[in-house]
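In: What follows is a predicted structure for the sequence shown.
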Amino acid sequence: MRRLLDRLLFATCGATALLVCALLIGVVFVIAQRGAPAMSWTFLTEQIRQVGAQGGIFFNLVGTVILITTALVVCTPVAIGLALLERVYVRSERWRRSLGVFLYTLNGLPSIVFGIFGFIVFVKWLGWGKSWLSGGILLGMMILPTVTVALIERMKALPSRYVQAAAALGLKQSQIIWSVILPQTRSGLLTGSLLGMARAAGETAPIMFTATIFAGATQPHGVKESPVLSLPYHIFILAQDSFDPAVGAKLWGAALVLLALVLLLSGIALPGRLKMHEEANV
Amino acid sequence: MTRFWSIAFSAFAVAFFALLLGIFVVQSIPAWQHSGMGYVTGSRWFFRTHQFGALPMIYGTIVVSGVALLLAAPVGLASAIFTAEYLPRKARLAVKVLIELLAGIPSVIYGLLGILLLRNWIYDLFARFDISSGDTLLTAAVLLAVMILPTVVTLSDDALRGVPGAQRHAARSLGLTRAETICTVSLRQSARGLVSALLLGLGRAIGETIAVFLVVGRQDNNLPERWLSLRPLLESGQTLTTKLGGAEANIAYGDPLHWAAMMGLGLLLLAIVIVTTIGGVWKKVGHDA
């Protein structure tokens, strides 16, 4: 009886784990299968025509790249500042813990809340209208926890003798940061940035009121009233009325491109991520 | 100088967050003044006649994310038990990384799958119950369950691995089978971490907008007639996030009271999510540090 229960638990858990993997891989497979027919060079290099039924997604791709690059530029200095604060400047355990809770809370905030917030501040108060910059800033703040936590984890794994050696050589704290801590943790920043960009690329809710429109934009000029097109918003709009089969094919194609972009970014981050798991040693 | 900039940028992040919270609190005040507690308990939302009752949206959010968690929890926990307790180290890392990679699939893609595939499946499956379309709360819940699975699996796995191996060895050497060791040692000792994993998954489900928006049907004022039945799951509805993400947010800005009511929904959403998330991480962060 005991043996039987033992086997039963093993079999159930194993089957469930397989199910989970199959489910998630199935999602990727379905997108790949349905999106493949739309794939061609012109799909990537032409602009959208006839409400998505013709043409390609060139400026959507450009817009998404602009948004995630801006997000990264906005996020990086803040993430470095927060990580240094957590690891170097804050001495009391209580404050360090509050900072940790702050990062987790920020990470859990619903994306639509960022969208509404951006709508009030950038679109209305600052009068930017829809602008790539507001989208970039909002996405940058959304991915802040991802980048910061990756950097903090890498800093935790930095052998303390590096810092001690530098201190023994008489370096000041700021010199230690610039010549030891930051160069040695570059890989953490890189991993975090890639994961953050992967997340930012797929977000729709923060940018739909603030930065992106469905058609009629190319590259932005200036800040005010200069929206961009983007892949997720394109999919979001087309998904709501995709009865035209021509649109349907293009829609799956756009989804495949977005998924490929996201998986590519997080795929490049894979070695760094494995290292994070090894170092965490759980 | 380095210290100054580090603190300045951190202060910027905190200020951003505080401003975000502050805006939702301040801008929703007129709605609370207008409706009082009726804002939360009222079941009618007609913005043209200035009736603002958020209960149907709160109900929608609770049902959709609650059912999602009910579906994801057993599956997620069982998978985590398998990866943490049975798989050898290398295989475990491989599965974990795969699952985390797939956790990054954008919500709009899940939404697309929901609207073009899952919706029809649900409709076919439950057609004999005479449902009007596949845009149901259940569709959204199933979709959300799949979306939060990676979070639940990977965090539960971390929690289970946090139980010292020596404890397991001790239990095994007392003659317990592997299953008994898992039930009496691993699960019990990691209970707190497992609850955190579920809470963080729940937090994600509550805040998810785009995927839910595409499949839930977005029908206003839809409270169930009979509470103790499964029927309401097969009807369309509205959640806090879908209301905020919908077209109404665009027209509301012109009318201060209407806008305040929308911001009130945002504040309720923030409150629920923040409480859930902090509940999930409070102990966890302390242990990691």
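Out: Good, I have the coordinates.

In: And the residue of the stretch 1-150 of chain B that's closest to chain A?
Out: Chain A sits closest to residue B:106 of the stretch 1-150 of chain B, with a gap of 2.4 Å, by CB to the nearest CB. All C-beta spots, glycine's among them, are computed from the backbone N, C-alpha and C.

In: Quick one: residues contacting that residue.
Out: A:201-204, A:232, A:258-259, A:262 (CB atoms under 8 Å, 6 or more residues apart in numbering or on different chains).

In: Secondary structure for these - can I get that in a markdown table?
Out: Below are the contacts of residue B:106 laid out as a markdown table (DSSP: H, G, I helix; E, B strand; the rest coil):
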| residue | secondary structure |
| --- | --- |
| A:201 | helix |
| A:202 | helix |
| A:203 | coil |
| A:204 | coil |
| A:232 | helix |
| A:258 | helix |
| A:259 | helix |
| A:262 | helix |
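
In: Same list (these) but as TSV, adding neighbour count and pLDDT.
Out: Putting those into TSV (neighbours: other CB atoms under 10 Å in any protein chain shown; pLDDT from 0 to 100) gives the following:
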residue	neighbour count	pLDDT
A:201	26	95
A:202	24	93
A:203	28	94
A:204	27	94
A:232	29	95
A:258	28	96
A:259	22	96
A:262	23	96
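
In: Run through these and flag the ones next to chain B.
Out: When the contacts of residue B:106 are filtered against chain B using CB under 8 Å from any CB of the partner chain, the residues retained are A:201-204, A:232, A:258-259, A:262.

In: in stretch B:63-70, what's buried?
Out: Buried residues in stretch B:63-70, counted by 16 or more other CB atoms under 10 Å in any protein chain shown: B:63-65, B:67-69.

In: Check what contacts that stretch and list those residues.
Out: Taking contacts as CB under 8 Å, 6+ apart, the residues outside stretch B:63-70 that touch it are B:137-138, B:140-145, B:147-148, B:198, B:201-202, B:205-206, B:212, B:216, B:232-233, B:237, B:239.

In: could you redo the last one with a cut-off of 7 Å?
Out: B:137-138, B:140-141, B:144-145, B:148, B:198, B:201-202, B:205-206, B:212, B:233, B:239 (CB atoms under 7 Å, 6 or more residues apart in numbering or on different chains).

In: Lowest-confidence member of those, which is it?
Out: When the contacts of stretch B:63-70 are compared on pLDDT, residue B:233 comes out lowest, with 85.

In: Quick check: residues of the stretch 101-250 of chain A near chain B?
Out: Proximity of the stretch 101-250 of chain A to chain B (CB under 7 Å from any CB of the partner chain) is limited to residues A:101, A:104-106, A:108-113, A:116-117, A:120, A:141, A:144, A:174, A:177-178, A:198-199, A:202, A:204-205, A:209, A:232, A:235-236, A:239-240.

In: buried subset of these?
Out: In those, burial by neighbour count holds for A:101, A:104-106, A:108-113, A:116-117, A:120, A:141, A:144, A:177, A:198-199, A:202, A:204-205, A:209, A:232, A:235-236, A:239, counting by 16+ other CB under 10 Å.

In: Now intersect these with the helices, please.
Out: Within those, residues falling in helices by DSSP state H are A:101, A:104-106, A:108, A:111-113, A:116-117, A:141, A:144, A:198-199, A:202, A:205, A:232, A:235-236, A:239.

In: Give me the phi and psi angles of the residue of the stretch 1-150 of chain B closest to chain A.
Out: Dihedral angles phi and psi of residue B:106 (degrees, to the nearest 10) take the values phi -60, psi 150.

In: Return the residues of the stretch 151-289 of chain B in contact with chain A.
Out: Counting by CB under 7 Å from any CB, the positions of the stretch 151-289 of chain B adjacent to chain A are B:153, B:158, B:161-162, B:177-179, B:182, B:203, B:207, B:209-210, B:214, B:241, B:244-245, B:249, B:266, B:269-270, B:273-274, B:277-278, B:281-282, B:285-286, B:289.

In: quick one: which of these sit in helices?
Out: Per DSSP H, helices hold the following members of these: B:153, B:158, B:161, B:178-179, B:203, B:207, B:210, B:214, B:241, B:244-245, B:249, B:266, B:269-270, B:273-274, B:277-278, B:281-282, B:285-286.

In: Could you pull out the strands in chain A for me?
Out: For chain A, the strands defined by DSSP state E occupy A:48-49, A:54-55.

In: from the contacts of residue B:106, which is closest to chain B?
Out: Comparing the contacts of residue B:106 against chain B with CB to the nearest CB picks out residue A:202 as the nearest, at 2.4 Å.

In: do you know how far that closest one is from residue A:105?
Out: If you measure residue A:202 against residue A:105 using CB to CB, to the nearest Å, the figure is 21 Å.

In: Pull the contacting residues for the nearest residue to residue B:40 once chain neighbours are set aside.
Out: Sequence neighbours aside, residue B:54 is the residue nearest to residue B:40 in space, at 5.8 Å (criterion: CB to CB, 6 or more residues apart in numbering or on different chains). Under the criterion of CB under 7 Å, 6+ apart, the contact partners of residue B:54 comprise B:39-40, B:264-265, B:268.

In: quick one: pLDDT of residue B:54?
Out: The predicted local distance difference test score for residue B:54 is 92.

In: quick one: low-confidence parts of chain A?
Out: Scanning chain A for pLDDT under 70 picks out A:242, A:280-282.

In: Name the nearest residue to the spatially most central residue of it, ignoring sequence neighbours.
Out: Closest to where the C-alpha atoms of chain A average out (CA atoms, centre = their mean) is residue A:199, at 2.1 Å. With sequence-adjacent residues excluded and distances taken as CB to CB, 6+ apart, residue A:199 is closest to residue A:143, at 5.4 Å.

In: The one you found and residue A:75 touch, don't they?
Out: Yes: because the distance of 5.6 Å satisfies CB atoms under 7 Å, residue A:143 is recorded as touching residue A:75.

In: what is in contact with the two at once?
Out: With CB under 7 Å, 6+ apart applied, the overlap between the contact sets of residue A:143 and residue A:75 consists of residue A:196.
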